[in-house]
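Colleague: Predicted model and sequence follow; I will ask about them next.
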Amino acid sequence: MIRFKHTIQITAIMMLISGSLWAQPSGKEILDLIDANMSSETRYVKSKMVIHGPRTSRTIESESWSEGVSAFTEYLAPAREKGTKMLKLEDKLWIFSPSTDRTIQISGHMLRQSVMGSDLSYEDMMDDKKLSDVYDAVVVDSETIGNTDCWIVEMTATSEEVAYQMRKLWVDKSRNIPLKEELYAKSGKLLKKTELTNIQQHGSRWYPGKITFKDMLKKGAGTEFIVDEIKFDIEIPEYILSKASLR
Amino acid sequence: MIAFKLAYKNLMGAGLRTLLIVFVLSLAYVLIIYMNGLYQGWDRQARIETIAWEVAQGQYWQDLYDPYDAMTLTDAHATLPASLEESAAKGKAAPILVTQATIYPEGRMMGVMLKGIDTRQKILSLPTDILDPEADEITAIVGTRLAKSAGLETGDYLLIRWRDVHGTFDATEVKIAGMFKTAVPAVDQGQVWISLTKLQQITGMPGQATLVVVDSAPEEGASLSGWEFKGHDFLFKELEEMIRTKTVGGSIFYIIILALALLAVFDTQVLSIFRRQREIGTYIAMGMTRKQVVGIFTVEGGMHAILAVVLGAAYGFPLLLWTQKSGIKMPEGTDDFGMAAAEHMYPYYSVALIIGTIILVMIATTIVSYMPSRKISKMNPNDAIRGKIQ
């Protein structure tokens, strides 16, 4: 009888261990789940970007369409930026400015400049590589953010040609969406922090209603990206993702 | 000789009128010499300072380097050619690696050029020996302009962010090991200097540089593959253009003064010829040719310039000498234009400038004296001697 009890206990412990092991996905699996949740064939977003400066804040409204590695954004407000259009095709970026009535190509090192004074660079905006392609991910811990259980995933770049050698993600265990991200320099210094809040359900997906980007080296409240409207897998007319749309 | 004697007597006889004209002419002399001396002094001082702090006897630029396009910096670096490597080892060349970086003094974001320089170099006046390439922490030197705008003191730690050769971000705190005061803003404003080996190490560019400063210009035609030599002609082109523009702007003052003086001489000549017709007639009646009479009047007018030299020297010489010795304080922010400008500008009055100015004013005065005198050659001596208006 005692032997039988022991057998049951050992089996239960084994099941618990294997169960808990099974419950913790690998870093790569988490990245894949994030990609599956957040990536889509096509997407339309109407958003506001609130750039907090040292004294004042500016709000820039825009709407954008994206398909794979191509994207088109048109700025709607304020009046100064209205009509500015940005087109990204593969790794090239063009900007049309109505005030000068000219289209310029942003290339090479110009991509490292800030977008309209925000905490984001053109390069950050254009970064559409799948995380799993560029980083090795390892789940290092769990943590609760608010009331949400999260995996802490540490990502290390697999190649040298990456802006951030190390990233840390806090991923919602149930909704497969990152709630927080930290970007580190090669030396390990924290450079940028991103917080994703106001998570909303769109069909089977979960998507943040607000993303806050913060350059951790400088003072200020960072840049907020507020999603007013988002649509996934919609039909995008061909002309929108072509240079014709810049005029 | 008679013409000079007559001219002198006539001028002295005119009294106050002559004194006024001579004074205005002397002002033109002094102003021309002062203004040009100021710009020559500025040019000279800027060249000396720029050679000492920035360009030495010339620079080799990596082919892609364009100091006016910061975007080129990411690609403008290469391994030094053997000859430059050898010169650097002998202390005859100082390689400099340049990369863009961002500093965060008190949480503010400022774009800077992060420059790595051989700490043993003696070619430039930068106090690079303060930098310790062996230390674990990165030490840096900055100019007083950057220190002021970023609120830095020696011993402070400054957060700096840069990208390595692959574009990967890196950041650390550097210690301000020392500061330098220079009249050349190009090595101060928005520049952070660290050891070359440290910069090569943190950016992943071992043995590479963007430009190389040399202590002697290479022989004509000597070229290095991938590197182009830029001599003083090229490096000072902008400075020369700026000085030229300033000189033209400054010349307006003395052109006005000179024009007023010449106008006075012209007027005096016209009036003299009108009032002294009998005298002119008498000269001709006594056997002088018209040409000789024209000569007397021209010399008389031109003598204003000679007297002005004497008067100008009397008060101008001590004045100019004083400005040359004590210098002129430059207004705050003059060097913000990017030109080398010390706190005090010392004018430089060359012999060529002084002699050139005297010749210029004398020729101009003689011409304006001659122009009205030509009328004499058309005068009828009979009518002139009777004092008939012609």
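Modeller: Happy to help now that I have it.
Colleague: Please count neighbours and contacts with C-alpha atoms only from this point.
Modeller: Noted.
Colleague: Contact residues of chain B facing chain A?
Modeller: Proximity of chain B to chain A is confined to B:71, B:74, B:104, B:106-109, B:159, B:166-172 under the rule Cα under 8 Å from any Cα of the partner chain.
Colleague: Need the worst-confidence member of these.
Modeller: Lowest pLDDT among the residues of chain B next to chain A: residue B:71, with 74.
Colleague: what residue ranges in chain A score low on pLDDT?
Modeller: For chain A, residues meeting the criterion pLDDT under 70 lie at A:1-23, A:108-109, A:112, A:126-129.
Colleague: what about 50?
Modeller: A:1-2, A:4, A:7-8, A:10-22 (pLDDT under 50).
Colleague: any idea which strand is longest in it?
Modeller: strand A:190-202 (DSSP state E).
Colleague: The helix or strand following that strand pairs with which strands, parallel or anti?
Modeller: Using DSSP states H and E, the helix or strand that follows strand A:190-202 in sequence is strand A:205-215. Sheet pairing for strand A:205-215, assigned by DSSP bridges, gives strand A:190-202 (antiparallel), strand A:223-232 (antiparallel).
Colleague: if we can go back for a sec, of the residues of chain B next to chain A, buried ones?
Modeller: Buried subset of those (neighbour count, 16 or more other Cα atoms under 10 Å in any protein chain shown): B:71, B:74, B:104, B:109, B:159, B:167-172.
Colleague: Residue numbers of chain A in contact with chain B?
Modeller: A:108-110, A:160-165, A:185-187, A:189, A:217-219.
Colleague: Kindly recompute the last result at 7 Å.
Modeller: Neighbours of chain B within chain A, by Cα under 7 Å from any Cα of the partner chain: A:109-110, A:160-165, A:185-187, A:189, A:217-219.
Colleague: List buried residues within those.
Modeller: A:109, A:163-165, A:185-186, A:189, A:217-218.
Colleague: Tell me which two in those are the farthest apart.
Modeller: A:109 and A:189 (22.8 Å; Cα to Cα).
Colleague: For burial, what's the neighbour tally of residue B:149?
Modeller: For residue B:149, the neighbour count with other Cα atoms under 10 Å in any protein chain shown is 12.
Colleague: most centrally placed residue in chain B?
Modeller: Nearest to the mean C-alpha position of chain B, counting by Cα atoms, centre = their mean, stands residue B:43 at 2.3 Å.
Colleague: which residue packs closest to that one, ignoring adjacent ones?
Modeller: Nearest non-adjacent residue to residue B:43, counting by Cα to Cα, 6 or more residues apart in numbering or on different chains: residue B:243, 6.7 Å away.
Colleague: And that neighbour, which helix or strand is it part of?
Modeller: Assigned by DSSP H and E, residue B:243 falls in helix B:237-275.
Colleague: So which bits of that helix are buried?
Modeller: Quick answer for helix B:237-275 (16+ other Cα under 10 Å): B:239, B:243, B:247, B:250, B:254, B:257-258, B:260-266, B:268-270, B:272-274.
Colleague: could you point out which element follows that helix?
Modeller: As assigned by DSSP H and E, the chain's next helix or strand after helix B:237-275 is helix B:277-285.
Colleague: how far does stretch A:171-179 sit from the chain's center?
Modeller: From the chain centre to the centre of stretch A:171-179 is a distance of 13 Å (Cα atoms, centre = their mean, to the nearest Å).
Colleague: Strands of the chain, start to end?
Modeller: With no chain named, the answer covers chain A. Counting by DSSP E, the strands of chain A are A:42-52, A:57-67, A:70-77, A:85-89, A:92-97, A:102-106, A:135-145, A:148-157, A:166-172, A:178-184, A:190-202, A:205-215, A:223-232.
Colleague: Chain B was what I was after
Modeller: Under DSSP E, chain B gives strands at B:59-62, B:78-79, B:93-103, B:110-117, B:138-143, B:157-163, B:169-180, B:191-195, B:208-209, B:211-214, B:227-230, B:328-329, B:344-345.
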